[in-house]
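[1] requesting a structural model of the entry that follows:
(one chain, ligands or ions: 1)
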Amino acid sequence: MKIDVLALFPEILAPALQTGILRRAQEADKLAVNVHHLRDWATDKHQSVDDYLYGGGAGMILKPAPIFSALADLNREGTAHVIYLTPQGTPFTQSLAEALSLETHLILLCGRYKGIDERVRDRLITTEISIGDYVLSGGEIAALVLIDAIGRVLPGALGDYESAQVDSFSNELLDYPHYTRPAEFKGMHVPEVLLSGHHENIERWRYAEALKRTAERRPDLLQQLELSAEDVAILEAAGFCR
Ligand code: 6GU
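    Numbers count the residues shown, from 1 in each chain. From the prediction side, this is the model:
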């Protein structure tokens, strides 16, 4: 997977790309990330990349020419999936991260100021993505969120592959509670079933806890699932009515 990022503040991404799973994915050649400075494609003597709005109004937007030139250079084969990060985009989810992890080349365009000229979106953008219902000062942090979520599900990127399979959202549920040693800490006890060595009971307990936690914290996620009769029984026994 190759990812090109086009940004006005490329330095925001550098430290996270050099750390942890993203670092290892790159060292193992599962992932190649190149961060580019949009200003490198500016053509005037002030290297300007932004301009005032036609029709008036406060703020500046990114001009089309530098972005068109940059994307022509970065997408020579024309095969890249070009993503614009914007609060107006499709909400980013685990399933979108997994779908994007199957692409071979992504280009992430990070906006700044009030956005970009609409003609860039009309002509060059494949998909617009938002990471949530709030406004960031630019797309760089959102791009990093995408790269992190995609990078950790790339085949072979995660040493402990299983932990990506069972964590929150991979089965559409929030994760169950975790405990490590000691079995008693400040008077608080690890649930007995986890000490029992009975793997079937442990799996059942974990599944029930994930289900209850999701019902309590994210009922909107449960609404989207087909619950089995056992699921309903677990939830009713715990006082959740549907
Ligand atoms: Cl992708 N960009 C910006 N600037 N703000 C956001 C966002 C993206 N997603 C949520 N808020």
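
[2] burial measure for Val82, as a count.
    When neighbours are defined as other CB atoms under 10 Å, Val82 has 21 of them. In this view, the C-beta of every residue, glycine as well, is placed from N, C-alpha and C.

[3] ok so it is a strand residue?
    Yes. Using DSSP: H, G, I helix; E, B strand; the rest coil, the secondary structure at Val82 is a strand.

[4] is it in a bridge, and if so with what?
    The partner list for Val82 in beta bridges (DSSP bridges) reads Ile107.

[5] just give me the neighbour total for Pro177.
    Under the criterion other CB under 10 Å, the count of neighbours that Pro177 has is 12.

[6] nope, Gly187 is what I was after
    When counting by other CB under 10 Å, one arrives at 5 neighbours for Gly187.

[7] check the secondary structure at Gln47 for me.
    Reduced to three states with three-state DSSP, the structure at Gln47 is coil.

[8] not including adjacent chain positions, what is the nearest residue to it?
    Arg39 (5.1 Å; CB to CB, 6 or more residues apart in numbering).

[9] you'd agree the one you found is in a helix?
    Yes. Per three-state DSSP, Arg39 lies within a helix segment.

[10] not counting sequence-adjacent ones, nearest residue to Ala142?
    Using CB to CB, 6+ apart, the nearest residue to Ala142 is Leu85, at 4.2 Å.

[11] ok, back up a step: the residue nearest to Gln47 contacts Leu8, correct?
    Yes. Counting by CB atoms under 8 Å, Arg39 touches Leu8, with 7.1 Å between them.

[12] neighbour count: these two, which is higher?
    It is Leu8, of Arg39 and Leu8, that has more neighbours when counted by other CB under 10 Å, with 18 against 14.

[13] contacting residues for that one?
    Taking CB atoms under 8 Å, 6 or more residues apart in numbering, we find Leu8 in contact with 37-39, 49, 110, 112, 138, 140.

[14] and for Phe9?
    By CB under 8 Å, 6+ apart, the neighbours of Phe9 are 110, 112, 138, 140.

[15] also Ala65?
    Residues in contact with Ala65, defined by CB under 8 Å, 6+ apart, are 41, 43.

[16] can you give me the pLDDT of it?
    Turning to Ala65, the model gives it a pLDDT of 97.

[17] do you know how far it is from the ligand?
    To the ligand, Ala65 is 22 Å away according to CB to the nearest ligand atom, to the nearest Å.

[18] go on, Thr104?
    As for Thr104, its distance to the ligand is 22 Å (criterion: CB to the nearest ligand atom).

[19] nearest residue to the middle of this structure?
    The chain has Leu146 as the residue nearest its centroid, 3.5 Å off, counting by CA atoms, centre = their mean.

[20] Ser130 is in contact with that one, correct?
    No. Applying CB under 8 Å, one finds Leu146 not in contact with Ser130, separated by 10.7 Å.

[21] return the residues in contact with Asp136.
    No, residue 136 isn't Asp; it's Leu. Going by CB under 8 Å, 6+ apart, Leu136 touches 87, 142.

[22] next, show the common contact partners of Leu146 and Ser130.
    For the pair Leu146 and Ser130, residues contacting each of them under the criterion CB under 8 Å, 6+ apart are 85, 92.

[23] for Leu225, the count of nearby residues, please.
    Here the count is done by other CB under 10 Å, and Leu225 has 13 residues near it.

[24] so it, which of the three states?
    Recorded secondary structure, Leu225: coil (three-state DSSP).
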